[in-house]
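A.B. asks: coords please:
(one chain, ligands or ions: 2)
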Amino acid sequence: MTVLSVNVNKIAVLRNSRGGVLPDVVEAARCCIAAGCGGITVHPRPDQRHIRPDDVRALAALTAATVEFNIEGNPFAPPRGSYPGLSALIAETRPAQATLVPDGDGQITSDHGFDLRRDGERLKPLIRELKFHGCRVSLFMDAGSPDIELAADIGADRIEIYTGPYAEAFSRGDYAAELARCADTARRARAAGLAVNAGHDLDQRNLGPFLRALPEVEEVSIGHALIGEALYDGLAATVANYLKVIAAARS
Ligand SMILES: CC(=O)[C@@H](O)[C@H](O)COP(=O)(O)O
Ligand SMILES: NCC(=O)COP(=O)(O)O
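C.D. replies: Ligands and ions are numbered 1, 2, ... in the order given. You can find the predicted model right below:
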């Protein structure tokens, strides 16, 4: 069954907007876990616009005996202030999975995958180090990328298909081509011995068609839409709704 990993970045956005401690990121994660999600995801960024290093530490403790913890980030981003760098944070907290994403600070969100012909050799030792810390390593990749097989060559365990273009096409009602591109990317990944994750802008409407077309997907990480929908329907009920969408797609 495809695992739902809830990204709680947006809880931290709301918390940081007032400079206090509420809403509590750990309490939100606890609620998602109690509702049945199989993982918690965070994307601590050097500018600490939302998830901070102490959030990562607290969530690592919460998830240690419950569900998978997935930390996303750019492994090339240098330490800044209390942000120790992705590798240091992972060495300290030992998450089940590290998802490497080539984001810069100037981006409002993730909007592209790796160019492994440019960055593959630089990533190799970092992937080795993360695996030494016991992490499964996933690389954020564009659907249709020519570099999928390279991800396996440099030691990654999984790819995460960037589903932003699919979600955008779905919202336009013209998504067959993007979905086929994602499905072909998943097929190539599996043929190269990689497992397949997926994420970005997935929601309760576009998730079902996506999963039906990609039976290989091991994990979807979903945050922005889920937290937004939870403002209307409640967090536990929204997580339960996503689990129903996943179960229906896999039945
Ligand atoms: C890699 C990915 O698609 C998500 O983790 C996205 O980066 C979320 O980051 P924000 O919550 O900062 O938009
Ligand atoms: N890897 C994708 C993720 O963690 C959440 O992305 P989004 O649902 O916030 O767009």
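
A.B. asks: Would you map the helices across the stretch 151-251 of the chain?
C.D. replies: 164-171, 176-191, 207-213, 224-233, 235-250 (DSSP state H, counting those that start in this stretch).

A.B. asks: what comes up buried for the first one?
C.D. replies: Read that as helix 164-171. 164-167, 169-170 (16 or more other C-beta atoms under 10 Å). C-betas here are computed from N, CA, C, even on glycine.

A.B. asks: Relative to ligand 1, which of those residues is nearest.
C.D. replies: Gly164 (7.2 Å; C-beta to the nearest ligand atom).

A.B. asks: pretty sure the closest one is touching His200, no?
C.D. replies: Yes. Gly164 is within contact range of His200, at 4.5 Å (criterion: C-beta atoms under 8 Å).

A.B. asks: re the thing from before, ligand 2 is nearest to which of the helices of the stretch 151-251 of the chain?
C.D. replies: Here helix 224-233 is closest among these (C-beta to the nearest ligand atom), at 3.4 Å.

A.B. asks: what is the mean pLDDT for that closest one?
C.D. replies: When pLDDT is averaged along helix 224-233, the result is 98.

A.B. asks: what do you get for stretch 175-188?
C.D. replies: pLDDT averaged over stretch 175-188 gives 98.

A.B. asks: do that stretch and ligand 2 meet at all?
C.D. replies: No. Using C-beta under 6 Å from any ligand atom, stretch 175-188 stays clear of ligand 2, with a minimum separation of 13.9 Å.

A.B. asks: Figure out which of the helices of the stretch 151-251 of the chain is closest to ligand 1.
C.D. replies: helix 224-233 (6.0 Å).

A.B. asks: Give me the contact status of the closest one with ligand 2.
C.D. replies: Yes. Contact of helix 224-233 with ligand 2 (C-beta under 6 Å from any ligand atom) involves 224-225.

A.B. asks: Name the surrounding residues that touch that helix.
C.D. replies: With contacts defined as C-beta atoms under 8 Å, 6 or more residues apart in numbering, helix 224-233 is touched by 6-11, 109, 201-204, 235, 237-239, 241-242.

A.B. asks: List buried residues within the residues you listed.
C.D. replies: 6-11, 201-204, 235, 238-239, 241-242.

A.B. asks: just these now: which is nearest Ile222?
C.D. replies: Leu202 (5.0 Å; C-beta to C-beta).

A.B. asks: In space, what's closest to the closest one - neighbours in sequence excluded?
C.D. replies: The shortest distance from Leu202 to any non-neighbouring residue, by C-beta to C-beta, 6 or more residues apart in numbering, is to Ile222 (5.0 Å).

A.B. asks: which residues does that neighbour contact?
C.D. replies: 4-7, 199, 202-203, 207, 242.

A.B. asks: ok, now Ala180?
C.D. replies: Ala213.

A.B. asks: Ok, Gly223 next?
C.D. replies: Gly223 neighbours (C-beta under 8 Å, 6+ apart): 6-10, 41.

A.B. asks: farthest pair in those?
C.D. replies: Lys10 and Thr41 (11.4 Å).

A.B. asks: export stretch 181-196 as CSV, just CAs?
C.D. replies: Only the C-alpha atoms of stretch 181-196 are listed here, as CSV (Å, rounded to 0.1, in the frame of the first residue of the first chain):
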residue,chain,number,x,y,z
ARG,A,181,5.3,11.1,-18.4
CYS,A,182,5.2,10.3,-14.7
ALA,A,183,4.2,6.7,-15.4
ASP,A,184,7.1,6.3,-17.9
THR,A,185,9.5,7.8,-15.3
ALA,A,186,8.3,5.4,-12.6
ARG,A,187,8.7,2.4,-15.1
ARG,A,188,12.3,3.5,-15.9
ALA,A,189,13.0,3.9,-12.2
ARG,A,190,11.8,0.5,-11.4
ALA,A,191,13.8,-1.0,-14.3
ALA,A,192,16.9,0.7,-12.9
GLY,A,193,16.2,-0.9,-9.4
LEU,A,194,15.0,2.3,-7.8
ALA,A,195,11.8,2.5,-5.7
VAL,A,196,9.4,5.4,-6.5
